[in-house]
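Everything below, folded, please.
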Amino acid sequence: MRNAPLIPAEVSFLRLLAEFLRVECLVGGGKPSEALRVFQKASHLLAANSRLRPQIRAKVTCARLLDAFGRKQSAERLFDEVVDQDIEHEFYKDAYLDLRYLHGLHMKAGESEKAARICRRALSDPALAAIAHARPQALWPQFHEAAALHPIARIS
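As a prediction, the model looks like this:
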């Protein structure tokens, strides 16, 4: 691991976060095969960690890897599962961010109805509505309108 000299071995949680960040950067940089190798090498750090949030965030990373490898349906199912877990465990900020990421994936793929479905979920979920701050909550109708009125052509 590249970060090993900078992060003490006994701080495995920080090493785990650093490796997840590397994976995210590699996925975003269009290098899913390298990202998968880094994720697999860091899996022992995840297995050794009992915290719930990193376990859920690992599923997000898996969903992003699945999407990067073209496994869209599997990625969507995993994202839906993650959002359900985020809400169940009151990780509402994570739920909003995961929904926003999923919305963006659908918009990028030209799937405006799926993007609109994500907006409706964000607006109608009672748990999210109960804790929603006005500013983030106000964005979802705008995202919904964009999905309905201005679908983005699929980028090949």
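
From now on I want contacts and neighbour counts done on CA atoms only, so please keep to that.
OK.

any low-confidence regions in the chain?
Scanning the chain for pLDDT under 70 picks out 1-5, 9, 130-144, 146-156.

please redo it, this time with the cut-off set to 50
Where the chain drops to pLDDT under 50, the residues are 1, 3, 153-156.

Wait, residue 27 touches residue 69, no?
No - here residue 27 does not reach residue 69: they are 9.7 Å apart, not a contact under CA atoms under 8 Å.

who has more neighbours, those two?
The neighbour comparison of residue 27 against residue 69 (other CA atoms under 10 Å) goes to residue 27, with 21 against 16.

Any figure for the gap between that one and residue 120?
In this view, residue 27 and residue 120 are 28 Å apart by CA to CA, to the nearest Å.

cool, and residue 83?
With distances taken as CA to CA, residue 83 is found 14 Å from residue 120.

what about those two, which has more around it?
Applying other CA under 10 Å to residue 83 and residue 120 shows that residue 83 carries more neighbours, namely 21 against 15.

Check the gap between that one and residue 60 for me.
Plainly put, residue 83 is 9 Å away from residue 60 if you go by CA to CA.

any common contacting residues for these two?
Taking CA atoms under 8 Å, 6 or more residues apart in numbering as the contact criterion, the common neighbours of residue 83 and residue 60 are residue 98.

which one is residue 85 nearest to, not counting chain neighbours?
residue 56 (7.4 Å; CA to CA, 6 or more residues apart in numbering).

Which strands or helices does the host helix or strand of the one you found pack on?
Element membership of residue 56, judged by DSSP states H and E, is helix 52-68. Judged by 3 or more CA pairs under 8 Å, 6 or more residues apart in numbering; DSSP states H and E, the packing partners of helix 52-68 are helix 12-28, helix 32-47, helix 72-88.

Next, format the ones you listed as JSON lines and append distance to residue 114.
Putting the helices and strands packed on helix 52-68 into JSON lines (distance: least, CA to CA, whole Å) gives the following:
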{"stretch": "helix 12-28", "distance to residue 114": "22"}
{"stretch": "helix 32-47", "distance to residue 114": "24"}
{"stretch": "helix 72-88", "distance to residue 114": "10"}
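
who wins for proximity to residue 113 among the ones you listed?
Of all the helices and strands packed on helix 52-68, it is helix 72-88 that lies closest to residue 113, at 13.9 Å by CA to CA.
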